[in-house]
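# Predicted model, plus sequence, below.
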Amino acid sequence: MARDLKPRRAALHPLMLSLGVALFLALTSNAAFWRALAPLAPADLVSGAVFLATTFAILVLALNLVLSVFALPYLWKPAAVALLLVAALAAHFMDAYGVVIDRSMIQNVVETDVREAGDLLTPGLLLRVLAFGLLPALLVARAPLRFAGWRREALRRTALVAATCVLVAGAIALQYKQFALIGRGHAELRLLINPTSPLYAAWRYWEKRPKPTAVLPIAEDARRVVLAAGRRPLLVVLVVGETARAANFSLGGYERETNPLLAKLPVVYFDDVSACGTTTAISVPCMLSPYGRERYSDRKAKSHESLLDVLQRTGVSVLWRDNNSGCKSACDRVPTQAGSELRHPAFCQGDDCFDEVLLEGLPGWIDALPGDGFVVLHQQGSHGPAYHKRSPQAWKRFLPECAGAAVESCSREEIVNAYDNTILYTDYVLSRLIALLQREAQHFDVAMLYVSDHGESLGENGLYLHGLPWLLAPDTQTRVPMLAWLSDGFAAGRGVDRTCLAQRRHEPFSHDHLFHSVLGLFDVRTQVYARELDLFAPCRELPPRLLSGR
């Protein structure tokens, strides 16, 4: 019988391979963590090197401990492969865009659409996942493993856990003062540890996700207050902008003229407005809820009605028109028109439509209104990273612009140019909407509000896109543009002093004000209404009975 002379690779114990994978992850997938930690190390060269080396050892030991939990037959390889792929994927976005992958970022990923996700599939992402995810995962999958009996394996696991705890405790003790200072002052560093932080964020999202349940009502006592007989019907249009940051609106002082058309119109621009969140998944339902940023939660918003439900229940005709990824449950119970229904060959190319598509057919809906109406237009706006897709060729005035989705490979000038072109186009869309509403003002008292959902980072301090935790996010992600336009008939018929409103343009406002301001415009009386959060209330002449709200 012929002998098999083919050499066999020596089988490895999974605990040994776990250490190798942990070392690989610490070296290749945690650049964001090391960049954030390095400036906090002691200034002395030797002390700093010892601190960083100690931290590296702790990270390797901790990752090794996590991997060792799965060191069982038929389990370790799938777990190690999954960790390698997750780490490579997360590392790309953390390194390329400076994002932090927390629970809200996971929610944003889950609730995005194929069009938005497609913009993130760049060559850089594919290369990163291939080199640091798929290839090492293939090596791990092909590695021969050997396991001992269960008693010996149990002893090895116990010894590993004990040794790891002793080593980590000893390492921390040697650098306790430094770790204590950093732990208290920079707790956000834990969000950069990869892949444990992204996996924990995913688990937190899954744990906190809203469970299917009956939607609970809000403002059940809401009713309209009729202020005068014979008044014309009211039409309010809310434009929810996407990823527009206040820093790039020339109405707010930006040096480039990005709002040339709106500057010629009688709009009131509010220049100190903060967002409820730094992602669409949080900001959109939050701004349409009564909770405000401090009390908001995704579970609470999705288990309760929104502003749209309250208005509809009080007799207002409501419509949501969407050129984005949906309303995040806020419009689930009112008439909606999604992008697929609004498609128009003049404004749509493939799956992408320019925001002018939101205006198509709108006059017909308005003309058919039986009474008061409230319309929400949800823009594609300035959504990145493919900013160049958000503005038609005629509005590309700032050149050269970044013409791809891999913004990290473009110069800052090209990124800002592409982004400013989107703001310039939004200026045009809003001016065209105002012209449309001005024609409707012959039959309605009309008001238009515009506010963006969140801002954007364009490379400042190495940060791109949005989605950082609110407390860590720079002003460029949390400060948003907001403006109002009121028809002459609205100002006169609804008792709004536009001069007074203009005098409030420098006051601090936020998404918290939107819910109550819209209720106030429609003269809805309810205990949920907070007059102090109605930005129009100080500039309106209201009858005493309406002022009895909280």
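Happy to help now that I have it. Numbering: from 1, shown residues only.
# can we go C-alpha only for contacts and neighbour counts from here?
Fine.
# Would you mind listing the residues in contact with residue 48?
The neighbourhood of residue 48, defined by Cα atoms under 8 Å, 6 or more residues apart in numbering, consists of 41-42.
# so what's it scoring on pLDDT?
The confidence metric pLDDT takes the value 88 at residue 48.
# Helix or strand: which one has it?
helix 45-69 (DSSP states H and E).
# Show me what the helix or strand following that helix is packed against.
Sequence-wise, the next helix or strand downstream of helix 45-69 (DSSP H and E) is helix 76-97. If you count contacts as 3 or more Cα pairs under 8 Å, 6 or more residues apart in numbering; DSSP states H and E, helix 76-97 packs onto helix 14-28, helix 31-37, helix 45-69, helix 123-129, helix 135-142, strand 464-465.
# Report the buried residues of helix 76-97.
Within helix 76-97, the residues that qualify as buried are 76-77, 80-97, counting by 16 or more other Cα atoms under 10 Å.
# One more: stretch 254-264?
257-259, 262-263.
# Reformat the helices and strands packed on helix 76-97 as a markdown table; add distance to residue 493.
Converted to a markdown table, the helices and strands packed on helix 76-97 look like this (distance: least, Cα to Cα, whole Å):
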| stretch | distance to residue 493 |
| --- | --- |
| helix 14-28 | 65 |
| helix 31-37 | 56 |
| helix 45-69 | 66 |
| helix 123-129 | 56 |
| helix 135-142 | 68 |
| strand 464-465 | 42 |
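# Can you say which of these is packed in most?
By mean neighbour count, with neighbours taken as mean count of other Cα atoms under 10 Å, strand 464-465 ranks first of the helices and strands packed on helix 76-97 at a mean of 23.
# quick check: mean pLDDT across that strand?
When pLDDT is averaged along strand 464-465, the result is 92.
# Assess the claim that residue 238 and residue 449 are in contact.
Yes - look at residue 238 against residue 449 with Cα atoms under 8 Å: they come within range, at 4.8 Å.
# Could you give the number of residues near the nearest residue to residue 359 once chain neighbours are set aside?
Here the nearest residue to residue 359 in space, its sequence neighbours aside, is residue 433; by Cα to Cα, 6 or more residues apart in numbering that works out to 7.0 Å. Summarising burial for residue 433: neighbours were counted as other Cα atoms under 10 Å, giving 18.
# Residue 433: helix or strand, and which one exactly?
Residue 433 is located in helix 412-440, with elements delineated by DSSP H and E.
# elements contacting that helix?
If you count contacts as 3+ Cα pairs under 8 Å, 6+ apart, helix 412-440 packs onto strand 445-452, strand 457-458.
# What strands flank the first one, and is each parallel or antiparallel?
Using DSSP bridges, the strands paired with strand 445-452 in its sheet are strand 234-241 (parallel), strand 482-486 (antiparallel).
# how about that strand as PDB, C-alpha atoms only?
Only the C-alpha atoms of strand 445-452 are listed here, as PDB (Å, rounded to 0.1, in the frame of the first residue of the first chain):
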ATOM      1  CA  ASP A 445     -52.800  81.600   4.000                       C
ATOM      2  CA  VAL A 446     -49.400  80.000   3.300                       C
ATOM      3  CA  ALA A 447     -46.300  79.400   5.400                       C
ATOM      4  CA  MET A 448     -43.100  77.500   4.500                       C
ATOM      5  CA  LEU A 449     -40.500  76.200   7.000                       C
ATOM      6  CA  TYR A 450     -37.200  74.700   6.100                       C
ATOM      7  CA  VAL A 451     -34.800  72.900   8.600                       C
ATOM      8  CA  SER A 452     -32.100  70.400   8.000                       C
END
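# angle of it against helix 412-440?
For strand 445-452 against helix 412-440, the angle by axes from the mean of the first three to the mean of the last three Cα atoms, to 10 degrees is 170 degrees.
# So which bits of stretch 178-195 are buried?
Within stretch 178-195, the residues that qualify as buried are 179, 182, 188-189, 191-195, counting by 16+ other Cα under 10 Å.
# per-residue confidence at the closest residue to residue 32 other than its chain neighbours?
In space, not counting the residues next to it along the chain, residue 32 is nearest to residue 95; the distance is 5.9 Å by Cα to Cα, 6+ apart. The predicted structure scores residue 95 at 91 on the pLDDT scale.
# What residues does residue 266 make contact with?
With the criterion set at Cα under 8 Å, 6+ apart, residue 266 makes contact with residue 485.
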